[in-house]
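Novice: Okay, predicted coordinates and the sequence, questions at the end:
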Amino acid sequence: MPTQEVHSYFSERLRQLGITDQVNTITTPVYESIEGGYKRTAENKSLKAFEAHDKGIQINYFLPNGNPVSWKKEGTKWPRNFVRIRLAKEETYEKEGKTYTKKYHQEKGSPLVPYLTPGLIRKYVDQDQIETLVLVEGEFKAFKGWMVKSADEQMNGVEFIGLPGIHGFYAGDFNHKKEINEIIQQIILECRVRNIVLLLDADTLTLKWQEDKDLSYRASSFANAVKNFRNSLHLLLEDKDVELNNVYFMHLKAKHQDTEKGLDDLLQNIPAKHKEIMDDLMSFHFAKTYFEGILLNDGQAGTVDKHFGLINKETFYTLYKEYIGSRPFIFKKIKYEWTGEELKYVKSAESDRFARIGINWIKRVTLPNHKGIPEERIEKWSVTEIKRDYPKYIAEQMINRDIPRYDGFFSLPCWDPKEYRRAIYGCYNLMEPLIWDYKAGRVDYTLAFIKHLFQGKGRIWWDEEAKCYQEEAIKGDQFTVAMDYLTILHQYPTQKTFVPCLVSRENGTGKSTFLEWLCMVYNGNGTVLNNEQFKKNFNAHWASKFIIGLDEGFLDVDKKAERERLKQMVTAKEIFLELKGIDVKPIPYFGHLIICSNDADNLMKMEEEDTRWFVVKVSKSEKKDPDLVDKLKIEIPAWVHFLNHRKIFHPKVDRLWFDPEDFETEQQRKIVQTTKARLDAVVENYIKDTFLTYKVPELRISRRTLLKKLNNPDISKYRLDEKEVKIWLEDRRGMKYRPTGRCKIPERITGYSEDDEPRIQYEEENQRHYCFLPEEWLSEEEYLEYKSPWNIDPDETEDKDPPAGTFPEAEKLDDKQYKQEQLWQEKKGTAPF
């Protein structure tokens, strides 16, 4: 049900337009089906032109015979009525990185349909002639036009149709798209229309100056719509059996744009001048007061181009001078400036697409990615191709003067649009500026997505009373760490930090979506690679990127060169850019590596002293949202605004900002254990097992005795040599070989005392030795086990010392011994045991 606010909007909008309940009611015939079609009955039915809707005003569409327009949505069984909604609250949406305002809504996949007014439907049903048919942009303009003309008997031959846009006159059938819409064509034929007019708003011949925008684009779009409108009627004009004689294009004069932009505003604001306005409209190309226009019968494109000032730079500047002033402007890709006497050539706007880097020529190519976000790529180019693509005088100007020249490549991220610079120290900055307009807003989907990925106890919630987000941050919490990481990326883009590693054996967890989302946020400055793309010789596709995602990536635990390459990328300050056909040159490196993998426990070899990896095991989403990426994309402008104002919780204490203890996770420790080198694992397992089995306060053991223990086939199938054990213990673990002393190496437990204390058998020697301490080798959990009391299994107590005056019970004979005893009894002798 519509809210009170929407009801108020509905009532007020209709009141302003003067639409009473009676005017809002359309009376149409009732038809009955017959073989081969339908026929009109004597009965009538009443329908509403406009109705209240949950989101605003529902505009109902009708066929010329008065029946509702119906259409069938793909995937549904039954057809539905076609409607459009005028939104009470205008909505915004993102397209190609730009924010647009949406005033109307219609279902996705629904057709392009002209809006027919009640008077036109009545004329069609009664087969009355329509002298002049006016096509105006917008349903309310057409309806208001019909209301005003109905009060004037002299306007009886005029009817209005509403179009959903300036291109809304096309046919719905794709195969005949260049023809006029079949509904309009049906009306022209059945109602014997003689004149047809395309009427646009007062802003048709206006523009908004922008320094780097080609001002001819908007005028060309209007001009093309007018040309296509004329062409769509060509067959009807040429047909002698059709009464259509004249085609006109008209629009309100630009002087009305501030107060009466459209026909409905004009008629609503000046009710005393209705007859004068309508008379001026019916003057067509001779209109003087409120409208101006041109006759399109000859079909000459030059007639339209002249009206829109598109013939040349002089006619364009003359027509739009009050909007351009003395500022430089771009017309058809060339920049000009008015000197006071003439238009002076400044430069070709196309020249900014090229650059000379050192002695190499490049072209900047902008293409939308799979989400429609424009991303820039660099292609190697040549002077010859520039001369081939442009007129000689323009090409010479571009090559010799206009195309910018840089000494080399550079890379410096900057997310402040006011501070961003393309040229830095005379070099070409490979980092792109952000395309998003920062603005406050809700980022609920984004925060929920990050919370799902990184879990943790920290939280951020919307405070409805304060109209802002509140945060409960926790030191070392995975969610808080992740939020700080993302904030650092945005506020301090040159700061090095750890590598997030999102791992999970399951699909559908959101790992890849995280990479895709970050690449959208930092448009053109992010890329997602697989292992093969990452290992290519040429690195221009990622070396200058800010976000470098390695998806489904893992490195062989035995390939040290690859591991070191990754580790070096985390803290590197410079990288050699290898672009095919261009000399290898060093550039500053500010890339942030992010790894996602399905190999949760064997991602890559990690060592305990590594402080580069933030490993998070991601759980599977409870409910899959197929539109999640689109929802995240919509929130990006608000997200970058949120990051700009968020306070970082963890203070900077390390070169990677965080204290390594704050982003160490259980999953990282698991990977460290899983990917330990053979030597690490064998030595550590022996030392840990010794402490946990015998709970000795320290372990003193010589190198040779340790080597003998480690090479025991029961411990390891690998053979270690004394040199590698020495290097590992002394260089890697920092241990010292102590002078000769007494060493007691526990061998086995021979029994238990009455107090459940084990009786340990030792191997003793006097040797130079290493001294191992439990607190240096056991994890926190293992150390708790080490310090806990002995827990003796009851079945093991039979090895305890017998009480004084008793004898131990004889051991039970096994099956083999019983059989041997039975044989001796059969021989009538005594068994020798």
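Specialist: Yes, it's here.
Novice: Tell me how far stretch 142-159 lies from the chain's centre.
Specialist: 49 Å (C-alpha atoms, centre = their mean, to the nearest Å).
Novice: Leaving out the residues flanking it, which one is nearest to His541?
Specialist: Nearest-residue entry for His541: Thr527, 6.3 Å, with adjacent residues in sequence omitted and distances by C-beta to C-beta, 6 or more residues apart in numbering. (Glycine included, C-beta is placed from N, CA and C.)
Novice: Sorry, slip of the keys, the one I care about is Lys48.
Specialist: Spatial nearest neighbour of Lys48, excluding adjacent residues (C-beta to C-beta, 6+ apart): Asn24 at 5.8 Å.
Novice: List the contacts of the one you found.
Specialist: Each residue near Asn24 by C-beta atoms under 8 Å, 6 or more residues apart in numbering is listed here: 14, 48-50.
Novice: now the strands: where do they sit in the stretch 651-800 of the chain?
Specialist: 699-701, 738-752, 758-772 (DSSP state E, counting those that start in this stretch).
Novice: what's the neighbour count on the closest residue to Lys332 other than its chain neighbours?
Specialist: Nearest in space to Lys332, with sequence neighbours left out and distances taken as C-beta to C-beta, 6+ apart, is Ser216 at 5.1 Å. Burial of Ser216, expressed as a neighbour count using other C-beta atoms under 10 Å, amounts to 22.
Novice: swap in Ile121?
Specialist: One way to gauge burial is a neighbour count; for Ile121, by other C-beta under 10 Å, it gives 22.
Novice: Can you give me the distance of it to Ile183?
Specialist: As defined by C-beta to C-beta, to the nearest Å, Ile121 lies at a distance of 11 Å from Ile183.
Novice: Touching both of those two, which residues are there?
Specialist: Common neighbours of Ile121 and Ile183, using C-beta under 8 Å, 6+ apart, are Pro64.
Novice: From what I see, Trp462 and Tyr469 are in contact.
Specialist: Yes. With contact defined as C-beta atoms under 8 Å, Trp462 and Tyr469 form a contacting pair (5.7 Å).
Novice: more crowded one of those two?
Specialist: For Trp462 against Tyr469, the residue with the higher neighbour count under other C-beta under 10 Å is Tyr469, and the figures read 16 against 13.
Novice: Just confirm Leu235 is within a helix.
Specialist: Yes. Secondary structure assignment places Leu235 in a helix (DSSP: H, G, I helix; E, B strand; the rest coil).
Novice: so it touches Ile188, yeah?
Specialist: No. With contacts defined as C-beta under 8 Å, Leu235 does not count as touching Ile188, sitting 11.0 Å away.
Novice: residues touching Leu699, list them.
Specialist: Contact analysis of Leu699 by C-beta under 8 Å, 6+ apart lists 687, 690-691, 745-746, 771-772.
Novice: Tell me how the protein divides into domains.
Specialist: Under automatic domain parsing, the residue ranges defining each domain of the chain are 1-111, 113-309, 455-672, 688-799.
Novice: right, and these - which one's nearest Arg401?
Specialist: Within these, the stretch nearest Arg401 is domain 113-309; the backing value is 18.1 Å (C-beta to C-beta).
Novice: Can you measure across that closest one, start residue to end residue?
Specialist: One end of domain 113-309 to the other measures 31 Å (C-alpha to C-alpha, to the nearest Å).
Novice: Mean confidence (pLDDT) on it, please.
Specialist: Mean per-residue pLDDT for domain 113-309: 92.
Novice: now the helix or strand hosting Ile188, how far from the centre of its chain.
Specialist: Taking DSSP states H and E as the criterion, the element that holds Ile188 is helix 182-190. Here helix 182-190 is found 44 Å from its chain centre; the criterion is C-alpha atoms, centre = their mean.
Novice: Between helix 182-190 and the helix or strand following that helix, find me the angle.
Specialist: Secondary structure here is assigned by DSSP H and E; on that basis, the next helix or strand after helix 182-190 toward the C-terminus is strand 195-200. Counting by axes from the mean of the first three to the mean of the last three C-alpha atoms, to 10 degrees, strand 195-200 points 150 degrees away from the direction of helix 182-190.
Novice: Now do the helices in the stretch 351-500 of the chain.
Specialist: Defined through DSSP state H, counting those that start in this stretch, the helices belonging to the stretch 351-500 of the chain, from first to last, are 383-389, 392-397, 444-454, 478-491.
Novice: Go through those helices and name the closest to Gly66.
Specialist: If we rank those by C-beta to C-beta, the stretch that ends up nearest is helix 444-454, at 44.4 Å.
Novice: From the contact counts, what lies against the closest one?
Specialist: Contact here means 3 or more C-beta pairs under 8 Å, 6 or more residues apart in numbering; DSSP states H and E; on that basis helix 444-454 packs against strand 459-463, helix 478-491, helix 511-521, helix 628-634.
Novice: cutoff 6 Å now
Specialist: Packing partners of helix 444-454 (3 or more C-beta pairs under 6 Å, 6 or more residues apart in numbering; DSSP states H and E): helix 478-491, helix 628-634.
Novice: Can you give me the end-to-end span of stretch 712-726?
Specialist: Start to finish, the residues bounding stretch 712-726 are 18 Å apart (C-alpha to C-alpha).
Novice: And for that stretch, what's in contact with it?
Specialist: Contact with stretch 712-726 is made by 678, 682, 707, 710-711, as judged by C-beta atoms under 6 Å, 6 or more residues apart in numbering.
Novice: Tell me how many other residues crowd Lys255.
Specialist: Each residue near Lys255 was counted by other C-beta under 10 Å, and the total is 10.
Novice: For Lys545, see how far away it is.
Specialist: Here the distance between Lys255 and Lys545 works out to 51 Å (C-beta to C-beta).
Novice: C-terminal to whichever strand or helix holds Ile277, what's the next element?
Specialist: Using DSSP H and E, Ile277 maps to helix 274-281. Under the assignment DSSP H and E, the closest C-terminal helix or strand after helix 274-281 is strand 291-295.
Novice: Point out where the stretch 651-800 of the chain drops to low pLDDT.
Specialist: Low-confidence regions of the stretch 651-800 of the chain, defined here as pLDDT under 70, cover residues 673-678, 715-718, 792-800.
Novice: quick one on the thing from earlier: surely the residue nearest to His541 is in a strand?
Specialist: Yes. Secondary structure assignment places Thr527 in a strand (three-state DSSP).
Novice: Tell me if I'm right that it and Trp542 touch.
Specialist: Yes. At 5.2 Å, Thr527 and Trp542 qualify as touching, with contact defined as C-beta atoms under 6 Å.
Novice: Quick check: phi and psi on Leu47?
Specialist: The main-chain torsion angles of Leu47 are listed as degrees, to the nearest 10 and equal phi -130, psi 160.
Novice: Who's the closest spatial neighbour of it, skipping the chain neighbours?
Specialist: Spatial nearest neighbour of Leu47, excluding adjacent residues (C-beta to C-beta, 6+ apart): Ile26 at 5.0 Å.
Novice: tell me the SS of the one you found?
Specialist: strand.
Novice: neighbours around it, how many?
Specialist: Neighbours around Ile26, by other C-beta under 10 Å: 19.
Novice: how near is it to Phe160?
Specialist: For Ile26, the distance to Phe160 under the criterion C-beta to C-beta works out to 14 Å.
Novice: can you check Lys787 too?
Specialist: Look at Lys787 and Phe160: by C-beta to C-beta, they are 90 Å apart.
Novice: what's the answer for Val528, then?
Specialist: In terms of C-beta to C-beta, Val528 sits 52 Å off from Phe160.
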